Each structure stands twice: as C-alpha cells, then as structure tokens.
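Student: quick check, what structure comes out for this input:
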Amino acid sequence: MHQAMKLWMLVLGLVVQHSESEKLCLGQITMQGTGAPGYVLGGPGTVAGDTLNLPHSSGFSIMSQCTPTWVPQDFFQFKVLEKTLSYTVDLSKVGCGCNLAVYMIQEPAKNPAGQPSVGTCQDSSPYYCDANKVCGQWCPEMDIMEANTKAFQSTPHACDAPTGTGHYNNCDRSGCGKSTRDIPNSYGPGSSFQIDTTRPFDVETVWQANNMLTKLIQGANTVVLDHSSCGAALAGMQAAMSSGMSLRITYWGDAPTTMAWLDQPPCGPEACSGANAGPARISNIRVTPPMAPPVLPPVQPPVLPPVQPPVQPPQPPAEPYDCEAGSIDWEAEWSAAKKMWCCGHKDVGCISTPVGTQAPAPAPGPTFLHQWGSLIFSIVVLGLASVAVAVLGPRIWKNRESALELMQRRGSRGRQLHLQRGDQVVVRNSFNGTGRFWGHERVNRGTAGVVEDVDKYGRATMAFSDHMGKFSVPQSDFENLEIQRTAATQKTRTGIAVALALACTMLAVILSWQHHVSQAQAVVATPTAAPVPLAAPAPPPPPPPVAMPAVSGAGCCSWDGGAHCGDTTPWCKASKANCEGHCKGKWKYL
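Tutor: As a prediction, the model looks like this:
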C-alpha cells in the first residue's frame, strides 16, 4: 500500500492539473435521495444527467456548489448511517493493475484549532485527508469500492477519537478489507462468474450500527461482502457516518508489482496502460431511505436605510415689510431689518455713496508662500515621485523579493521562487522528480539544471545534467532548489531607476525656479496705481454699517445702500435677482 499511496499523490496532481487548465466544475450530476443537488468538481471527464464518464488518471469530488475553486464549505456531506448508498458501474475496460475507486472521507480536513486545513497538497488537492495521511492529514476513510475486472475490495478505515475541535491524530492505515478474491467464482470477466465484469452491475452498501454489507448485484445474482467481523473498525466509523462524509471517485493504476495488494492473484504481470486502461462509467447514484435536506442558515432580510422625507425647495416668504409706509423719513423710522429688505427688494431706503472720493487701497504685497510656494510644492511632489520610481523600479522588472535576494547574492529558495525560462538552478535537497511520462526518479543534491519552460500556474519544466529526459517540477518542490543566476541584470535596472529618480528631482528644481523668476518679473512690471485726486474736500466718512440682524429670512447682501457688501442670509440666496444693486459682483452666498 505504501507504493500505491505514492502513486495516488501523482494522481491527485494529474487531476488538479487538468482541472485548473480547463474547467474545474464539470456540472450538475443527478442523484436520488440526497436531499439536494450535487456538482462534480475535478477531471478530466464528463457529466451527462446521472452519469459520470471517467478516463484513466482522473479524480472527482461531489460538491454542493458549482464553483471555479475548491471551497471547504462546499464538499457535499453524505450522512448514510442506517442507510444504503447505491450506484451502477461499468468497468469492463478497467483491466489488471488499474483501480476504479469510490470512497468516502471526512473532508475537509481540520487543523488542531478546528478550522479547514489545506494540508501539504494545496497546489493539487486542497483540504484532502484520509486514513493513510496523504497530504499530511488524517481522517476516517470508507473504501466502498476499489476494483477492476478481476478483483473487487471494500475496506473501512477507522481513526482514533478526534479532539474536541474535530482534529484527528492517528488512523488505521490497513483497515478491515473484504475482497471477492476470497469467494471462488464470484467475480470476473465472463459468464462463468456470478458477477460478469464485462457487463454493468450495481453496488449497494448498507451501513448499520455494527456492520457494513457490500452487495454486488447483476440480474438474479448477488455477491455479498460481510464486514460484521470488523468490530472496532466499524464502531469507530459511526460518528463520521452520522456527521457526514465527502464522496470521492478516482481512476488510477500503475505497474503490477505496485498494485499486487488489490488483484494478485488472479492478475499477473499486466500493467495499467494502453487498452488495459480504458474508460469507465458510474451512474444512478442514490441513497435509500432518502437523506433529509441540508439545513440552510436563515436568510436575513436586507437592512434598508431609513426613508428620508423629500426636501422641499425653499419658498419665498410673503413680503414682511411695507416699503411705502414711512418712506419719507425712513432713516429715522425704519428698523435695520426693514432697511435691508426694502433696499434689496424695492430699491427703497438705500444710501448712495459718492464715486471717486477715495483712493484705491494699495494691493497687499506678495507673501512668502506666494513667492516660494510653487517651488516648494513642485520639489516635494516630484521628489516623492522620484523616490517612488527608485523604489518601485526593481519591482516592475521583477518581484521585489526575488530582486532583493539576487542583489544580495543569496540563493532563492522555497515556494516564493519566481523561475524564468533560462534560469540556472541547483538541487539543494534531493527529491523524487516526475518525468515526462509520469515516472519517478531520484534527483540528487548538487545536480545542476536549466529551466526550459514555466507554465501560467508556476510549474517548471527542467532538464538536469545527470538525467535523461525532462522533469515537471511543481511549486511544492521549489523549496528543494536554489537559483545560481547572478544579479548583474537586476543591478543595472536598479541603477537606471535611481538615475531616473535623480533626473526627475533636478528637473523639478529647474522648472520650479523658472516659474519663480517669471512670477517675480511679472510683479516688477506691474505699475503702481497713482492715487485719485480729490475733486473737493473729502466728505465726512460714511456711517458704520448696521449690524446684520440675527433673524434668518430677512436681509440682503447690503443693508446700507451698497456702501458695505457683506454676507447674505439664506433668504438672499433664494432672491439673488433682488440683491444686486451697488453690490453687484461682490455679494456671496452663505
């Protein structure tokens, strides 16, 4: 079984490689008695109605959602204690050395804190676990079928009790297996066997509190694999079967020596390849009696913002003053509020101001910020831009981590490597490489190699100096490599970026200084306005402006005939046409 588990790791990689490169979700598969629809994720293969078509080197999970990625909450949970799980299988072209497997595991795996754990196969089969600690994670495993045309085996694998958070620390690797090889003339190709594997047959698995019965049914013939003697192996599965387990369907195989645990005898030296590894089909998945529909969390109604009453546009109030009454002696009799309103709206009660009796006020001189503000602002902004260019330049040409490692002449390691075609690498830790025909071969420490290609998922195709052929190296094995390429190119690019930053700074200083000089020349060229001579002795100064009334809704831009143009009230804002007069162009909204 140990060699078989290594092959199974390869199968997982093949499945996800296909799924990522094409389409992860193949679509909905029709199931009966499951309480909810199921969707097939994985590949390669096809789904049509209730039928799943599997080629060799494929694998699938049944999910509750059709998503483009693996979501831990979406693994469909089959709760089949005291129930029967049935399906129809056609494995007539699955020969010796091959294994068409239908099994359940308590996926997704949980870490010690009770949270979903991706495990060590995050680049191939995230959240996977089983009783052989594949992907570095334990969980109960129920092998319903591991079969080809010559042998059929079913095996429950119990685990030690989990922690309070649902994390498993140890399981029964061997399990309690039952095989048709122990029942003469029960299973094989041809009419001389009770189950003729050249034709489709049904598999029914019944789970009871202390027993598991696997029935192979074809016409009037039935072969039963009874697990009542398994004892503790079944008792340890009750909790998992009650809480729910994920259904996995895979098709894999290898050399006859690797698969001897399944089919020798009756199989001989046949390998799982060529015509011996033809397509398979599984259909009509059903659970009896039916499972209860899954309990979904209550849907919370959306929280709507409070409805605000519509904003009514301001309505001009009725005229608050009679501007005809007392107009003869308005200066003495009218209040300040009435003077403002009548002057702004009726042009009555306004004080006229003589024109040309005062010299224009001298313009304020330039301030420090007026003279130097643009220079300071330009230096700061372009200086920051140049610093950004210097810092971000290396990141644009290459990932910052990779650039820093190369500039410090350290060997890049781990999954953070960013390999490129032509990179020269050396093996830091020996590992088993995967050849172009999916064979395994030891790649020893110190072996030099060259990256010939890197696909869009980060897997690198490499040629090593002491091996024939090419190897596909996933990111999970990058931690065994070191990049030996020098950083001369990266240093050149960084130098260019720094030089560009300095050039930007100098350009900012030159442009800002020219702007400052042009402003100074404009100020010198502006002539100073001569004072306007007085035509007559200056009249007495106008009276101080009347204070703005505190009452809103009355008043205008000027309440003294235009001598002083001040702030307006909200009422003036709605009556601009009546508030110009002598203050035209000078008044403002609040």
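
Student: which residues in the stretch 201-350 of the chain form helices?
Tutor: Secondary structure of the stretch 201-350 of the chain, counting by DSSP state H, counting those that start in this stretch: helices at 232-235, 238-243, 260-263, 330-333, 336-346.

Student: right, so of those helices, which gets closest to Leu52?
Tutor: helix 260-263 (21.4 Å; C-beta to C-beta). In this view, the C-beta of every residue, glycine as well, is placed from N, C-alpha and C.

Student: list the buried residues for that closest one?
Tutor: Residues of helix 260-263 classed as buried by neighbour count (16 or more other C-beta atoms under 10 Å): 261-263.

Student: for the stretch 351-500 of the chain, what are the low-confidence residue spans?
Tutor: 351-375, 386, 389-417, 435-440, 467-469, 484-494, 497 (pLDDT under 70).

Student: just give the nearest non-adjacent residue to Tyr168, would you?
Tutor: Trp138 (4.0 Å; C-beta to C-beta, 6 or more residues apart in numbering).

Student: so the one you found makes contact with Gly166?
Tutor: No: counting by C-beta atoms under 8 Å, Trp138 stays clear of Gly166, with 11.4 Å between them.

Student: tell me where the stretch 201-350 of the chain has strands.
Tutor: 201-208, 211-218, 221-226, 246-253, 280-288 (DSSP state E, counting those that start in this stretch).

Student: closest one to Gly175 among the ones you listed?
Tutor: It is, among those and with distance given as C-beta to C-beta, strand 211-218, at 11.3 Å.

Student: ok, residues contacting that closest one?
Tutor: 144-145, 152, 154, 156, 178, 180, 186-187, 194-196, 199-206, 222-228, 230, 234 (C-beta atoms under 8 Å, 6 or more residues apart in numbering).

Student: need the contact list for Val454.
Tutor: Counted by C-beta under 8 Å, 6+ apart, Val454 has contacts 419-421, 460-461.

Student: how about 10 Å then?
Tutor: Applying C-beta atoms under 10 Å, 6 or more residues apart in numbering to Val454 gives the contacts 418-421, 423, 460-462, 473.

Student: using CSV, please lay out those residues together with neighbour count, distance to Asp322 and secondary structure.
Tutor: Below are these laid out as CSV (neighbours: other C-beta atoms under 10 Å; distance: C-beta to C-beta, whole Å; DSSP: H, G, I helix; E, B strand; the rest coil):
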residue, neighbour count, distance to Asp322, secondary structure
His418, 16, 85, coil
Leu419, 22, 91, coil
Gln420, 13, 89, coil
Arg421, 11, 93, coil
Asp423, 20, 94, coil
Ala460, 24, 94, strand
Thr461, 16, 97, strand
Met462, 23, 99, strand
Val473, 25, 97, strand
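
Student: now, among those, which is nearest to Ser246?
Tutor: Set against Ser246, the nearest of these by C-beta to C-beta is Val473 (29.6 Å).

Student: which strand residues bridge the closest one?
Tutor: Ala460 (DSSP bridges).

Student: check Ala277 too.
Tutor: Taking DSSP bridges as the rule, Ala277 bridges to Val94.

Student: and for it, the neighbour number?
Tutor: 21 (other C-beta atoms under 10 Å).

Student: how far away is it from Asp254?
Tutor: For Ala277, the distance to Asp254 (C-beta to C-beta, to the nearest Å) stands at 10 Å.

Student: in this structure, which spans are helices?
Tutor: Taking DSSP state H as the criterion, the chain carries its helices at 2-21, 232-235, 238-243, 260-263, 330-333, 336-346, 368-397, 400-407, 488-525, 570-573.

Student: got a list of what Gly38 touches?
Tutor: 28-31, 47, 61-66, 76, 78, 247, 285.

Student: how is the protein partitioned into domains?
Tutor: Domain segmentation of the chain under automatic domain parsing yields 2-79+93-171+236-288, 320-353+545-590, 410-485.

Student: figure out which of those is closest to Ile379.
Tutor: Smallest distance to Ile379 across the domains of the chain (C-beta to C-beta): 35.0 Å, for domain 320-353+545-590.

Student: can you read off the pLDDT for His564?
Tutor: Looking at His564, its pLDDT reads 48.

Student: cool, and Cys572?
Tutor: Cys572 is given a pLDDT of 55.

Student: do the same with the one 4 residues further on
Tutor: Per-residue confidence at Lys576 stands at 55 (pLDDT).

Student: ditto for Val203
Tutor: In this prediction, Val203 has a pLDDT value of 97.

Student: and it, how far is that from Asn169?
Tutor: 32 Å.

Student: more crowded one of the two?
Tutor: Remark: of Val203 and Asn169, Val203 carries more neighbours, 21 against 11, as counted by other C-beta under 10 Å.

Student: thinking again about what came up before, overlap of the contact sets of Ala277 and Asp254?
Tutor: Joint contacts of Ala277 and Asp254 (C-beta under 10 Å, 6+ apart) are 97-98, 271.

Student: which one of those has the most neighbours?
Tutor: Across those, neighbour numbers were computed from other C-beta under 10 Å; Cys98 holds the maximum, 29 neighbours.

Student: ok, that one - contacts?
Tutor: By C-beta under 10 Å, 6+ apart, Cys98 lies in contact with 56, 91, 147-150, 251-254, 259, 262-263, 267, 270-273, 276-278, 280.

Student: at 6 Å instead, please
Tutor: By C-beta atoms under 6 Å, 6 or more residues apart in numbering, the residues touching Cys98 are 148, 253, 272, 277.

Student: repeat that for Pro294.
Tutor: Counting by C-beta under 6 Å, 6+ apart, Pro294 touches Ala36.

Student: at 8 Å what do you get?
Tutor: Residues near Pro294 by C-beta under 8 Å, 6+ apart: 35-36, 64, 77.

Student: so how far is Thr84 from it?
Tutor: For Pro294 relative to Thr84 (C-beta to C-beta), the value is 20 Å.

Student: now do Asp455
Tutor: Asp455 sits 44 Å away from Thr84, taking C-beta to C-beta as the criterion.

Student: coming back round to it: want to throw the strands of the stretch 201-350 of the chain into a markdown table with distance to Gly449?
Tutor: Listed next are these as a markdown table, based on distance: least, C-beta to C-beta, whole Å:
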| stretch | distance to Gly449 |
| --- | --- |
| strand 201-208 | 47 |
| strand 211-218 | 48 |
| strand 221-226 | 49 |
| strand 246-253 | 28 |
| strand 280-288 | 38 |
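
Student: looking at those strands, which is nearest to Tyr128?
Tutor: Closest among the strands of the stretch 201-350 of the chain, using C-beta to C-beta: strand 246-253, at 8.6 Å.

Student: thanks a lot, catch you later.
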